[in-house]
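Enquirer: What follows is a protein structure lacking sequence information:
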Ligand SMILES: [Zn+2]
Ligand SMILES: [Zn+2]
């Protein structure tokens, strides 16, 4: 098994350097985000209503849960569970709606950062080491061009997937069908809240949690030899769909469950457990299924007891049995 569970297996770092590089402005990403901010401010001033706020909330939760956390991160990047390809396509498409980029761009950003954070030294960009304002500008409006980057080999079944190639190339245009549908249903108010405000909040929230999840020292699991440790952002478990338990994620990147201990909410994992009895999701990987990592050490006070595996939901189990008849 070994590297099967490691997204980092895509990286070939012969001679690569995680420190030397230049942060440069990324015009398309930057202007797109600024346009989304402008739309959000306009929407807040002209269309602050119950229906628009409700639309924003439902779409944002769906994009973060189905798209970013389950589709992009736990499935496409880490392969931490299995599902049919049509479902993976749907979830990854939802993940593109976050506004950070298409599937290849997301794999690249994630894997480069993961690789860099595991080196003894890495550029401030990877470590979120700069003060919040500089880090925000760097992460949301710029990119880091390494002088000697590692090579990234995306697995052929993903790299050659025509649907992924399409949504990666058109990662901004993927919002157009939603904008048109929202305009027809609720006018400009729905477009500004359902598209612009959602993108502005998901992109900014992604940066903010990423910044907080790397800027304090890790109290729990330490990956020895890694220059950057992850930190659990306690208050954000629910709103990040479980992604904010980032210390756990650095320790067990291949686990489909990220909120591992008492009091750690993990809606992404709950969603997987709800789909499991329907036969839509299987092979949900947990820390105990992953290969031993000698570099991993517990440095917190008392080691928490892992929560037992969640039992399948009774209603979904019955529904699954009915569907299989
Ligand atoms: Zn991290
Ligand atoms: Zn990850």
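Expert: Structure received. All values derive from a computational prediction rather than experimental measurement. Residues are numbered from 1 along each chain as shown. Ligands and ions are numbered 1, 2, ... in the order given.
Enquirer: Does anything pack onto the longest helix along the chain? Which helices or strands?
Expert: The longest helix of the chain (DSSP state H) is helix 27-46. Judged by 3 or more CB pairs under 8 Å, 6 or more residues apart in numbering; DSSP states H and E, helix 27-46 is in contact with helix 132-141, helix 176-191, helix 198-215. Just so you know, the C-beta spots here come from the backbone N, C-alpha and C atoms, and that holds for glycine as well.
Enquirer: any chance of those helices in TSV, plus mean neighbour count and distance to residue 286?
Expert: Formatted as TSV, those follow (neighbours: other CB atoms under 10 Å; distance: least, CB to CB, whole Å):
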stretch	mean neighbour count	distance to residue 286
helix 132-141	16	30
helix 176-191	16	35
helix 198-215	20	21
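Enquirer: Buried residues, the very next helix or strand once past the longest helix of the chain. List them.
Expert: Scanning forward in sequence from helix 27-46 by DSSP states H and E, the next helix or strand is helix 50-62. Going by neighbour count (16 or more other CB atoms under 10 Å), the buried part of helix 50-62 is 52, 55, 56, 59, 60.
Enquirer: among the helices and strands packed on helix 27-46, which is nearest residue 72?
Expert: Among those, helix 198-215 comes nearest to residue 72, with 10.8 Å by CB to CB.
Enquirer: In this structure residue 253 contacts residue 114, no?
Expert: Yes. Using CB atoms under 8 Å, residue 253 makes contact with residue 114 at a distance of 7.2 Å.
Enquirer: How far off centre is the helix or strand bottoming out on mean pLDDT in the chain?
Expert: Here the helix or strand of the chain ranked lowest by mean pLDDT, DSSP states H and E is helix 314-324, holding a mean of 81. In terms of CA atoms, centre = their mean, to the nearest Å, the centre of helix 314-324 is set 30 Å apart from its chain centre.
Enquirer: Report the buried residues of it.
Expert: 316, 320.
Enquirer: how near is residue 37 to residue 28?
Expert: Distance from residue 37 to residue 28, counting by CB to CB, to the nearest Å: 15 Å.
Enquirer: The two: which is more packed in?
Expert: residue 37 (15 against 10; other CB atoms under 10 Å).
Enquirer: Identify the residues contacting the more buried one.
Expert: 196, 200 (CB atoms under 8 Å, 6 or more residues apart in numbering).
Enquirer: at 7 Å instead, please
Expert: residue 200 (CB atoms under 7 Å, 6 or more residues apart in numbering).
Enquirer: That one and residue 190: what is the separation?
Expert: 18 Å.
Enquirer: do the same with residue 315
Expert: 32 Å.
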